[in-house]
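Participant: 3D, please:
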Amino acid sequence: VYEHAKLNLKLLDLMKENPEIFMDNVDIYACYGNFQHCIFDGGRIFNEFKQTTLEEINYYVNEYNKRGVRVRLVCTNNQLKETDYYDRFGNIVLDVCHNGFNEVTVADENFAKYIKEHYPNYKFISSTTKCITSPEDFKKELESNDYMVCLDYNLNKNKEMLFSLPQEEKNKCEFLVNAICGPGCSFRKEHYRLNSIYNINYGLKYQMEHCRIKTSSLHPTAQHYKNNFMPEQIYEEYEPNGFTYFKIEGRTWPDIELICTYANYLVKPEYKLFFILCMSS
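Facilitator: Below you'll find the predicted structure:
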C-alpha cells in the first residue's frame, strides 16, 4: 500500500494500457500493507520510512480505489493491549480507509472486535500470521464470518484437503505464493510476536538470532520451497480447481526484486523483459 505505492500504481496503469502482456484472467483485487508508523501493523517491520502524513494517506487510498483496487490494511499486531486500540494515528488510518470498499487483515480477535464496533463497513481477512497449521483448525477458521482466510503457507500443498473443500469455502481461501520463510519454520510465530512488539515501540530494534532466512524470494532455493507456488502450479492446478485469490509477498523488498517477482507471476513469458524495462524506467 505504501512501501511500494508508486511501483504498484505504475503496475496497475500498465495493466490497463497493455493488457496483452499479462497472463489471461489476471486481475489485481487488493494491495496490502499499512502506513508508517502505524502500531497496528504486525507482520513486517519498517524503520527506514518517515511518519506518513494525512495527505499521503488520503492520496494513496484514493489512487488505489479509483483504479478499482482495494486497500487492505495489515492490522496483524498480536501484542496490542486494549489501551493501544485507541492509538490516534492508527485510528486515523482506519477512518480514512473506512469507505465500504477497503478491507482489513487481522490476527487478534479482541482487536478485530474493536474494529468491527467502530468501523463496521470493513471486510475482514484472517491473517496468515495466526500460523494455523492444522487442517482441522483451518477448516474451523473457514467457518468464521471473515470474508477471506489467508492460509498458513505450510497448508498450501495439502491438495487432498483443499481440493475437497466446497466451492463456497474455496472462494474464501487466499494463498501466499512466495514466502521467503522455509517450510515448517519453528521461529515464525515468535518472529511475528517480536515484530508486533517492535511496531508498538516505534522501531525499538531486537535480535532474531534463530531466523534462518538467507536468500531472496528469487533465489532458486526459495522458489522451490515445497510451500511455495511456481506460476504454472497456480494456473494449471489451483485455478482450475476453483481457487481465485493468490497473494504476492514483497513489502520489505527492493523495487527490482519485486518487479522481477511480478514478472514471474503476472506476465506472459515473451513479455517479461519488456515488462521489467517498463517498470524499471
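
Participant: show me the helices in the stretch 51-200 of the chain, by range?
Facilitator: Counting by DSSP state H, counting those that start in this stretch, the stretch 51-200 of the chain has helices at residues 54-66, 88-97, 109-118, 135-142, 159-162, 167-170, 188-200.

Participant: show me what the helix or strand harbouring residue 273 is packed against.
Facilitator: For residue 273, the host element (DSSP states H and E) is helix 272-280. The contact analysis (3 or more C-beta pairs under 8 Å, 6 or more residues apart in numbering; DSSP states H and E) places helix 272-280 against helix 5-17, helix 255-266. Just so you know, the C-beta spots here come from the backbone N, C-alpha and C atoms, and that holds for glycine as well.

Participant: now do the contacts for the nearest residue to residue 28 once chain neighbours are set aside.
Facilitator: In this structure, residue 28 finds its nearest non-sequential neighbour in residue 69, 5.5 Å apart by C-beta to C-beta, 6 or more residues apart in numbering. Contact analysis of residue 69 by C-beta atoms under 8 Å, 6 or more residues apart in numbering lists 12, 28-31.

Participant: from residue 96, how far off is residue 69?
Facilitator: Relative to residue 96, residue 69 is positioned 16 Å away (C-beta to C-beta, to the nearest Å).

Participant: and for residue 70?
Facilitator: Applying C-beta to C-beta, the value for residue 70 to residue 96 is 14 Å.

Participant: now residue 177
Facilitator: The spacing between residue 177 and residue 96, counted by C-beta to C-beta, is 29 Å.

Participant: comparing the two, which residue is more hemmed in?
Facilitator: residue 177 (23 against 18; other C-beta atoms under 10 Å).

Participant: so who does the spatially closest residue to that one that is not a sequence neighbour touch?
Facilitator: Among residues not flanking residue 177 along the chain, residue 229 sits closest, at 4.3 Å (C-beta to C-beta, 6+ apart). Neighbouring residues of residue 229 by C-beta under 8 Å, 6+ apart: 156, 175, 177-178, 238, 246.

Participant: now do 10 Å
Facilitator: For residue 229, the contacting residues are 153, 156-157, 175-179, 223, 235, 237-238, 246, 265, by C-beta atoms under 10 Å, 6 or more residues apart in numbering.

Participant: does it belong to a helix, a strand or coil?
Facilitator: Under the three-state scheme (DSSP: H, G, I helix; E, B strand; the rest coil), residue 229 adopts coil.

Participant: quick check: the gap between it and residue 256.
Facilitator: Distance of residue 229 to residue 256, computed by C-beta to C-beta: 22 Å.

Participant: show me what contacts the most centrally placed residue in the chain?
Facilitator: Most central in the chain under C-alpha atoms, centre = their mean is residue 32, positioned 5.0 Å from the mean C-alpha point. Listed by C-beta under 10 Å, 6+ apart, the contact set of residue 32 reads 1, 43, 70-74, 76, 103-105, 125, 127, 150, 247-249, 251.
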